[in-house]
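Enquirer: Just a sequence and a predicted model for now, questions to come.
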Amino acid sequence: MTHNILRIDASARRTDSVSRALTDRLTDRFIAAGDANVVTRDLANALPQIDEAWIGANFTPRDDRTDAQRDALALSDTLVAELQDADTIVIGLPIYNFGVPASLKAWVDLVARAGLTFEYTAEGPRGLLSGKRVIVAVASGGTEVGSNIDFATGYVTHVLGFIGLDDVSFVSADRLAIDAEATVKAAQEAVDKLPLAA
């Protein structure tokens, strides 16, 4: 059976990116292990921010949307479908100024959609994308993952859980400015030890 992997790279750098090198290593492991289909979403190709037209289309019932509203949601529909089709999601997450890149926040805004990726219930919101695994490869220059100045990994964990993705593991190459070689080596070893089966 084909294992569908959605790879999301949030680094603005296409060369010499530590997070991209780690997502390369992760996806290469899945491919080497068997029948893997990898879909890549490179957020260096900037996604649009949501605007008033998008919000209006999103809150219009599907059957009542105009052609223009359907067009406004077309990219968002594609991004949601990529998530729905994936068995495993691999995310390359550089920490920029203590938080997530704006490109990743734009992606979140486009995929967090009531009725598609979450729903409101009497008990509160419930994610609709359960049963999937997420592996996040983090890179940072000076921010220690899990520290009180890391506003990225907690946000990612929360927002993924909000849409039903609660099986999330992290591989970290943090504080690269202090000892890049040792940090990258430790992260590579962590990637190599990750079990491929959920």
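Expert: Ah, there it is.

Enquirer: All the strands of the chain, residue numbers only.
Expert: Secondary structure of the chain (DSSP state E): strands at 3-9, 36-42, 88-94, 118-121, 124-127, 133-139, 167-173.

Enquirer: Make JSON lines out of those and add mean neighbour count, mean pLDDT and distance to Asp67.
Expert: Bear in mind the C-beta positions are built from the backbone N, C-alpha and C, glycine included. Below are the strands of the chain laid out as JSON lines (neighbours: other CB atoms under 10 Å; pLDDT from 0 to 100; distance: least, CB to CB, whole Å):
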{"stretch": "strand 3-9", "mean neighbour count": "22", "mean pLDDT": "97", "distance to Asp67": "28"}
{"stretch": "strand 36-42", "mean neighbour count": "15", "mean pLDDT": "97", "distance to Asp67": "26"}
{"stretch": "strand 88-94", "mean neighbour count": "25", "mean pLDDT": "98", "distance to Asp67": "31"}
{"stretch": "strand 118-121", "mean neighbour count": "12", "mean pLDDT": "96", "distance to Asp67": "26"}
{"stretch": "strand 124-127", "mean neighbour count": "12", "mean pLDDT": "96", "distance to Asp67": "30"}
{"stretch": "strand 133-139", "mean neighbour count": "24", "mean pLDDT": "98", "distance to Asp67": "35"}
{"stretch": "strand 167-173", "mean neighbour count": "20", "mean pLDDT": "97", "distance to Asp67": "38"}
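
Enquirer: I'd like the ones you listed written out as JSON lines, with distance to Asp109 added.
Expert: Output for the strands of the chain, formatted as JSON lines (distance: least, CB to CB, whole Å):
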{"stretch": "strand 3-9", "distance to Asp109": "14"}
{"stretch": "strand 36-42", "distance to Asp109": "14"}
{"stretch": "strand 88-94", "distance to Asp109": "16"}
{"stretch": "strand 118-121", "distance to Asp109": "13"}
{"stretch": "strand 124-127", "distance to Asp109": "16"}
{"stretch": "strand 133-139", "distance to Asp109": "18"}
{"stretch": "strand 167-173", "distance to Asp109": "19"}
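
Enquirer: out of the ones you listed, nearest to Ala190?
Expert: Ala190 lies closest to strand 167-173 among the strands of the chain, at 4.7 Å (CB to CB).

Enquirer: chain center to the closest one, what's the gap?
Expert: 11 Å (CA atoms, centre = their mean, to the nearest Å).

Enquirer: Just checking: what are the partner strands of it?
Expert: Here strand 167-173 is paired, per DSSP bridges, with strand 133-139 (parallel).

Enquirer: Determine which residue lies closest to the centroid of the chain.
Expert: Taking CA atoms, centre = their mean, the centroid of the chain lies closest to Ile91, which sits 4.5 Å from it.

Enquirer: on that earlier part again, looking at the strands of the chain, which is closest to Ile50?
Expert: It's strand 118-121; of the strands of the chain, that one is closest to Ile50 (CB to CB) at 15.8 Å.

Enquirer: so what does the closest one touch, helix or strand wise?
Expert: strand 124-127 (3 or more CB pairs under 8 Å, 6 or more residues apart in numbering; DSSP states H and E).
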